[in-house]
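Chemist: Give me coordinates for this.
(4 chains)
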Protein chains: 2
Amino acid sequence: MLDAAAIFFAERGYHATAMRDIARVANVTPGAVYFHVATKHALLVAVYQEGVDRIIRHFDEAIAEEYDPVKRFRCAIQAHLESILDESAYARVIVRVLPEDVPEATEELKRQRERYEERFRALIDGLHLPQGRNPKLMRLLLIGALNWTPVWYRGSIGGLDPVVDEMVASFGIQPTRRTSKK
Amino acid sequence: MLDAAAIFFAERGYHATAMRDIARVANVTPGAVYFHVATKHALLVAVYQEGVDRIIRHFDEAIAEEYDPVKRFRCAIQAHLESILDESAYARVIVRVLPEDVPEATEELKRQRERYEERFRALIDGLHLPQGRNPKLMRLLLIGALNWTPVWYRGSIGGLDPVVDEMVASFGIQPTRRTSKK
DNA sequence: AAGAATGCTAAACGATCGTTTAGTTAGATA
DNA sequence: TATCTAACTAAACGATCGTTTAGCATTCTT
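Modeler: Next comes the predicted model:
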């Protein structure tokens, strides 16, 4: 039932999804849904939480075996893209449904989001940026570029690798080759 | 009346906006709205079109007097951010409401969007990227980073300039000379 | 075996949605 | 002045929304 909710929230967004839609796909009656959750936005929070849990798990596993900050950076980007483009709908809900979309749950959704984005903060603090770069802004721009991918990515360009490459080429530190310190 | 619609669509999104909301803010009756537009999604299309017109106008004016590709790049980024963060609600609708949100208008909305993003294609073709960079992917990532800013930008960090700087530092070509900014 | 708790169905609640309809007003036109 | 038209109001339409209620079946507890 959470699965059905995740799919609809991820695909159509919060307001375009009816409780009846979710119930129908889950093969139950609308009333049955309300036996498990109190309100629609509580259902969203449950899905959101599961989504953050999953994307965090995937993120942590991806960088667990890497100790070079630059490689960790790359792995994290790849893991994030896998989560929101390939994997289950849960992670995509986090990107699709903005906290402000649901006033009754805004604060809770922000808190959940923060739980994950905190990881990016630590990751970026790990790499030492060229001077003049602002780590906070860079993080926000990176997350933006990442989270916008569901808008255009259709899976047919040759997999995720080219996207990861371009992402690293833009935001990552220039590979040691060819860049002399100015 | 278009103004009221733009504000609501930009602020709450399409599905969370009721025709009655728009009518009330425009100081008319719901019926009056339907004297001017046939359906809700036709109203959105009208707002979208006006939004694209405005952001294109602002974009073109910003780069009109610049001939150096790198400076044009910077001006364009700044103009885009001004449009969706500072200026009227029309441009923000383009970023907030995705074509897929409104199945009845998806194709038309995509067409309008394309009308603007085409400008970015030309702009990026203007700069010659380091080899290994993919202009199409870079454009998509840049637009993502740009269009995600309304999610986090709250206007108090010190204006748009630091954001523009960071955006250029990530996506722009590295300036050949020593960084002599300010 | 008896009762309580669990997970559900069938049906409905009032509210709100996008939209329509019939009638009214104000200004331009003849 | 009489007529026409553009722009609106007041009121309602059916549909759908989130949610509630009453009751039925199954399982667990004692």
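Chemist: Could you use CA atoms for every contact and neighbour count after this?
Modeler: Will do.
Chemist: Which positions in chain A make contact with chain B?
Modeler: A:12-13, A:15-16, A:98, A:100-101, A:133-134, A:137-138, A:140-149, A:152, A:163, A:166-167, A:169-171, A:182 (CA under 8 Å from any CA of the partner chain).
Chemist: hmm, which of those are the buried ones?
Modeler: A:12-13, A:15-16, A:98, A:100-101, A:133, A:137-138, A:140-149, A:163, A:166-167, A:169-171 (16 or more other CA atoms under 10 Å in any protein chain shown).
Chemist: Which members of these occur in helices, if any?
Modeler: If you go by DSSP state H, those have A:12, A:137-138, A:140-149, A:163, A:166-167, A:169-171 in helices.
Chemist: those helices in chain A, which residues are they?
Modeler: Using DSSP H, helices in chain A cover A:2-12, A:19-25, A:30-36, A:40-64, A:69-81, A:89-96, A:106-126, A:135-152, A:161-171.
Chemist: So for the second one, what gets flagged as buried?
Modeler: The one in question is helix A:19-25. Neighbour-count burial for helix A:19-25, counted by 16+ other CA under 10 Å, picks out A:Met19, A:Asp21, A:Ile22, A:Ala23.
Chemist: Does the third one touch A:Met1 like I think?
Modeler: Think A:Ile22. Yes. With contact defined as CA atoms under 8 Å, A:Ile22 counts as touching A:Met1 (7.3 Å).
Chemist: Please enumerate residues in contact with stretch A:161-170?
Modeler: Residues outside stretch A:161-170 that contact it (CA atoms under 8 Å, 6 or more residues apart in numbering or on different chains): A:Arg74, A:Ile77, A:Gln78, B:Arg133, B:Asn134, B:Leu137, B:Met138, B:Leu141, B:Ser170, B:Phe171.
Chemist: 10 Å instead, please
Modeler: The list of residues contacting stretch A:161-170 from outside it, by CA atoms under 10 Å, 6 or more residues apart in numbering or on different chains, reads A:70-71, A:73-81, A:142, A:145-146, A:149, A:153, A:157, A:172, A:174-175, B:132-138, B:140-142, B:167, B:169-173.
Chemist: any idea of the mean pLDDT for that stretch?
Modeler: Mean per-residue pLDDT for stretch A:161-170: 94.
Chemist: CA atoms only: put it into PDB for me.
Modeler: Provided in PDB are the C-alpha atoms of stretch A:161-170 (Å, rounded to 0.1, in the frame of the first residue of the first chain):
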ATOM      1  CA  ASP A 161      27.500   7.100 -16.800                       C
ATOM      2  CA  PRO A 162      27.700  10.100 -19.200                       C
ATOM      3  CA  VAL A 163      25.500  12.100 -16.800                       C
ATOM      4  CA  VAL A 164      27.700  11.200 -13.900                       C
ATOM      5  CA  ASP A 165      30.800  12.100 -15.900                       C
ATOM      6  CA  GLU A 166      29.400  15.500 -16.800                       C
ATOM      7  CA  MET A 167      28.300  16.100 -13.300                       C
ATOM      8  CA  VAL A 168      31.700  15.400 -12.000                       C
ATOM      9  CA  ALA A 169      33.300  17.500 -14.700                       C
ATOM     10  CA  SER A 170      31.200  20.500 -13.700                       C
END
